[in-house]
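Trainee: Sequence first, predicted model second:
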Amino acid sequence: MTTIATRDGVMAGDSLGTVSDTKVVCSEKLWISKRTGSVLGFSGDAAWLIMFKEWYEVGAKRQKAPDIRVQVEGAIHALELATDGKIWIWDIDFVPMPFQGEFLAVGSGLKYAMGAMTVGASARQAVSAACQLDPGTGLPIRWRKPRTIKG
């Protein structure tokens, strides 16, 4: 699947993807919104990721959210690290939920990443730990910070 982690104003994620059980490098798991400047990281079905990105960039209006629950399998999550430092978690229903902790991870390697951050690891270090232990998480690791949008 993947591992996405956020801590101290940074979001990190691995680059492993699969196509029909073949491992490939996937560069689209982390993205900076042109609309908000938030960093978003995705874990789960690629079709959901594409629909979410398109929907989010045109305003993220709940009544216009696509209904794709019948089209995807497995756990689906997006983490959002906003420009104000707040962390939001999005699920398959396109509903944001605020997160109050200092750090968070999603994906198949979340237990390894959360364990690493519990003992002080950065988001990048946490994803690196997951790369070593979780077969669904792989190098290279990418990271991003939110950007302030001018205008």
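Mentor: Looks like it came in fine. What you see is a predicted model; the values in this text were computed from it and never measured.

Trainee: What strand or helix carries the closest residue in space to residue 133 that isn't next to it in sequence?
Mentor: The shortest distance from residue 133 to any non-neighbouring residue, by Cβ to Cβ, 6 or more residues apart in numbering, is to residue 112 (4.7 Å). Heads up, the C-betas are built off the backbone N, CA and C, glycines and all. Assigned by DSSP states H and E, residue 112 belongs to helix 110-118.

Trainee: any idea how far the spatially most central residue of the chain is from residue 56?
Mentor: Among the residues of the chain, the one closest to the centroid is residue 41, at 2.2 Å (Cα atoms, centre = their mean). To residue 56, residue 41 is 13 Å away according to Cβ to Cβ, to the nearest Å.

Trainee: Residue 84 versus residue 10, what's the distance?
Mentor: Here residue 10 is placed at a distance of 15 Å from residue 84 (Cβ to Cβ).

Trainee: same question, residue 55
Mentor: Distance of residue 55 to residue 84, given as Cβ to Cβ: 22 Å.

Trainee: re earlier: residue contacts, the residue nearest to the centre of the chain?
Mentor: Residue 41 makes contact with 4, 6, 11, 13, 29, 30, 31, 78, 79, 81, 106, according to Cβ atoms under 8 Å, 6 or more residues apart in numbering.

Trainee: one more time with 10 Å, if that's ok
Mentor: With contact set as Cβ atoms under 10 Å, 6 or more residues apart in numbering, residue 41 has these partners: 2-6, 11-13, 29-31, 49, 77-81, 105-107, 123, 127, 142-144.

Trainee: do the same with residue 113
Mentor: Shown in contact with residue 113 (Cβ under 10 Å, 6+ apart): 3-7, 12-14, 103-107, 121, 123, 125-131, 133-134, 137.

Trainee: Inside helices: which ones of those?
Mentor: 123, 125, 126, 127, 128, 129, 130, 131, 133 (DSSP state H).

Trainee: Among the contacts of residue 41, which lie within strands?
Mentor: Among the contacts of residue 41, DSSP state E puts 3-6, 11-13, 30-31, 77-81, 105-107, 142-144 in strands.
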